[in-house]
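A.B. asks: sequence unknown, structure follows:
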């Protein structure tokens, strides 16, 4: 398998890096039947429309036949909230919990304490902030995700959202479906992307791909991150590093959020920070909804300080019907869809199976997949 070959050297390095003194639940499966629970969104009638639709309850990541043929129990549900939900019934005796960012099973400290048999938390996709990572580390759990599985999907989606906002696309679409025709009502705030200053907060796998995809549009590209990207990529894209986020933001016509949700980034875009941004700024956020102060964003969209806001991430998910982003003006929001294209589903399903195979065999995961291991959090979550 290509993933195994690419990660071989990283795995060996991690295996030789030493171990934590913190108590750790046994990662590798002991002999015998294991209980594995998957929490995914329901596809209902759409499941039969595509044979590769594996990322839903009905598709079950394509794992059911394989797991059950080995004698394991595989429970799949979308019912994840409240004391009487289906997930709660299985918390006390499950060994592995698989979830996705698109329909996350929120793994709280309280749930971790009750999950006495739990060893492994897998994210089918990227982003494990639905897990209380500190509690997982304290309990000695392993948390891992399928790193890189949907970065192309998300980067493409971000580019699409930038263009939708810049060109004022949605009002034109709504005119067509309502039978209207008012060019002026669209054109008065439609612009070219060329020449605009675009800044990404975070230049990891997704941020780098976005910068590469923006290069042909002749934008002024800026990025802010903990570390600078490779000099060759900087040269290729023309992107300039901004060490101070508060210095970068007022320069930007468009801001794209590509940073993980951590204690440091939770609520980082509050009323005060938004006020420091350029009036008329466009924001795209496919990272995590909780990075934004939801009401502050809604208020700024209403006042016009934010000229357009688009993304697919909310908090919580699914978003309640009264979430302010549903009703604020100048938004192009969707449910959390950017990283769950059919192509992405096939990649993160394969990556999940690969890690389960390694788990059963007592082998290490690819080093980059670990979010919590032996009581230690991955650097991006510290």
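C.D. replies: Structure received. Owing to the predicted nature of the structure, the values given are computational and were not obtained by experimental measurement.
A.B. asks: Roughly how far does residue 246 sit from residue 224?
C.D. replies: 10 Å (Cβ to Cβ, to the nearest Å). Where C-beta positions appear, they are placed from N, C-alpha and C, glycine not excepted.
A.B. asks: ok, the two, which is more surrounded?
C.D. replies: residue 224 (22 against 11; other Cβ atoms under 10 Å).
A.B. asks: Which residues are in contact with that one?
C.D. replies: 199-203, 241-245, 248 (Cβ atoms under 8 Å, 6 or more residues apart in numbering).
A.B. asks: which one of those is nearest residue 273?
C.D. replies: residue 245 (8.6 Å; Cβ to Cβ).
A.B. asks: Ramachandran angles for the closest residue to that closest one other than its chain neighbours?
C.D. replies: What sits nearest to residue 245 in space, not counting adjacent residues and going by Cβ to Cβ, 6 or more residues apart in numbering, is residue 224, at 4.9 Å. According to degrees, to the nearest 10, the main-chain angles of residue 224 amount to phi -130, psi 130.
A.B. asks: Now do residue 224 against residue 148, distance only.
C.D. replies: With distances taken as Cβ to Cβ, residue 224 is found 22 Å from residue 148.
A.B. asks: can you check residue 75 too?
C.D. replies: Residue 75 is 28 Å from residue 148, by Cβ to Cβ.
A.B. asks: same deal with residue 258?
C.D. replies: With Cβ to Cβ as the criterion, residue 258 and residue 148 are 14 Å apart.
A.B. asks: These two: who's more crowded?
C.D. replies: Taking other Cβ under 10 Å, residue 258 and residue 148 do not tie; residue 258 has more neighbours (26 against 18).
A.B. asks: That one and residue 199 touch, don't they?
C.D. replies: No: taking Cβ atoms under 8 Å as the definition, residue 258 is not a contact partner of residue 199, at 10.2 Å.
A.B. asks: residue contacts, the residue nearest to residue 172 when sequence neighbours are not counted?
C.D. replies: Distance criterion Cβ to Cβ, 6+ apart; nearest residue to residue 172, sequence neighbours excluded, is residue 186 at 4.6 Å. For residue 186, the contacting residues are 168, 171-172, 175, by Cβ under 8 Å, 6+ apart.
A.B. asks: The helix or strand harbouring residue 199: how far from the chain's middle?
C.D. replies: Residue 199 is located in strand 197-201, with elements delineated by DSSP states H and E. Between the centre of strand 197-201 and the centre of its chain there are 19 Å (Cα atoms, centre = their mean, to the nearest Å).
A.B. asks: just checking, what packs against it?
C.D. replies: Contact analysis of strand 197-201 by 3 or more Cβ pairs under 8 Å, 6 or more residues apart in numbering; DSSP states H and E lists helix 205-214, strand 220-224, strand 254-257 as its packing neighbours.
A.B. asks: From the contacts of residue 186, which land in helices?
C.D. replies: 171-172, 175 (DSSP state H).
A.B. asks: could you flag which of the residues you listed are buried?
C.D. replies: 171-172 (16 or more other Cβ atoms under 10 Å).
A.B. asks: how about the ones in helices among the contacts of residue 186 in a markdown table, adding pLDDT and distance to residue 285?
C.D. replies: Formatted as a markdown table, the ones in helices among the contacts of residue 186 follow (pLDDT from 0 to 100; distance: Cβ to Cβ, whole Å):
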| residue | pLDDT | distance to residue 285 |
| --- | --- | --- |
| 171 | 96 | 21 |
| 172 | 97 | 23 |
| 175 | 98 | 26 |
